[in-house]
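1. Kindly return the folded structure for what I paste below:
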Amino acid sequence: MPGGRLTQQERQQIAQGVADGLPYAEIARRLERPTSTITREVMRNGGPTAYRADLAHRATERRAHRRRPASSRGPESAPLPHGRDAEAVREYEETLTTVLMQSGAPKMMSRVLACLYTTDAGSLTASELAQRLQVSPASVSKAITFLESLELVRRERDEGRRERYIVDDDLWYQSMLRSARDNAKFSETALQGVSVLGPGTPAATRLENVARFLDFVNEGIVRAAEQAREVLYTKPGTAPDDDTA
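-> Predicted coordinates for the structure are as follows:
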């Protein structure tokens, strides 16, 4: 299986495969590359509707050129903690970013979230994020605002009165509850349409079925989120419903 960076010829084959509507897995099989490599390549270069081999190749060369001064410092570069391989960490961050983008998050928001999740502290300041991602503070601010609206990050001030952006265990729980609330709102609105469109009509029946489905799924989501939080995130020796003052 070939390794290393994608060649321009491989990118042309990817572009042709995307244009032909081939699944990423099939394109990867033809190139003898991991599917994640193809997925990451397409998503970071415009997505399936805008991917162009020549633009993707030039963009990769520019990114490599920007990284080269940092990587050329050799022994002077600070080693990563826990003996981590810098290149492997960078590749993983790109993979995580791609997965987040596939779930619907915009590129910059995905990059910020991936950066936060791959730090041991789980928190960074705006300037630290801007430096790590090589973007402007304004881009970071916009991304954080978006992520906060989805309850995927939270902010707090440290001892130096600097704002830190944080990801922790409780955020996914809160995000699940937010999703359940959104589903419940849609279910409620769908049921309102039943009386408007006439009970028993095809349109009303469709909306009623959607509402029932969402109500059923929501009940499972909330129950599973509560159970997971209790089992996974309760500190040892602490009762989940401990009301002791």
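2. which residues in the chain form helices?
-> Under the criterion DSSP state H, the chain contains helices at 8-19, 24-31, 35-43, 53-71, 86-102, 107-117, 126-133, 137-149, 169-197, 202-233.
3. Reformat the ones you listed as TSV; add mean neighbour count.
-> Yep, even glycine has a C-beta here, placed from its N, CA and C like the rest. Putting the helices of the chain into TSV (neighbours: other C-beta atoms under 10 Å) gives the following:
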stretch	mean neighbour count
helix 8-19	17
helix 24-31	17
helix 35-43	21
helix 53-71	13
helix 86-102	16
helix 107-117	22
helix 126-133	17
helix 137-149	17
helix 169-197	15
helix 202-233	14
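4. Determine which of those helices shows the lowest mean per-residue pLDDT.
-> When the helices of the chain are ranked by mean pLDDT, helix 53-71 comes last with a mean of 69.
5. Find the nearest non-adjacent residue to the residue most central in space within the chain, please.
-> With distances taken as C-alpha atoms, centre = their mean, the residue of the chain nearest its centroid is Leu100 (2.3 Å). Nearest residue to Leu100, sequence neighbours excluded (C-beta to C-beta, 6 or more residues apart in numbering): Ser110, at 3.7 Å.
6. quick one on the thing from earlier: need the helices of the chain in JSON lines with distance to Asp158, can you?
-> Below are these laid out as JSON lines (distance: least, C-beta to C-beta, whole Å):
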{"stretch": "helix 8-19", "distance to Asp158": "43"}
{"stretch": "helix 24-31", "distance to Asp158": "41"}
{"stretch": "helix 35-43", "distance to Asp158": "33"}
{"stretch": "helix 53-71", "distance to Asp158": "26"}
{"stretch": "helix 86-102", "distance to Asp158": "24"}
{"stretch": "helix 107-117", "distance to Asp158": "15"}
{"stretch": "helix 126-133", "distance to Asp158": "11"}
{"stretch": "helix 137-149", "distance to Asp158": "16"}
{"stretch": "helix 169-197", "distance to Asp158": "18"}
{"stretch": "helix 202-233", "distance to Asp158": "23"}
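7. Tell me which of the ones you listed approaches Arg157 most closely.
-> With C-beta to C-beta as the criterion, Arg157 lies closest to helix 126-133 of those, at 12.2 Å.
8. Alpha carbons only: can I get the closest one in PDB?
-> Provided in PDB are the C-alpha atoms of helix 126-133 (Å, rounded to 0.1, in the frame of the first residue of the first chain):
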ATOM      1  CA  ALA A 126      -8.200  32.600  22.200                       C
ATOM      2  CA  SER A 127      -4.600  33.600  21.500                       C
ATOM      3  CA  GLU A 128      -3.500  30.000  22.000                       C
ATOM      4  CA  LEU A 129      -6.100  28.700  19.600                       C
ATOM      5  CA  ALA A 130      -5.100  31.400  17.000                       C
ATOM      6  CA  GLN A 131      -1.400  30.500  17.300                       C
ATOM      7  CA  ARG A 132      -2.000  26.700  17.100                       C
ATOM      8  CA  LEU A 133      -4.300  27.000  14.100                       C
END
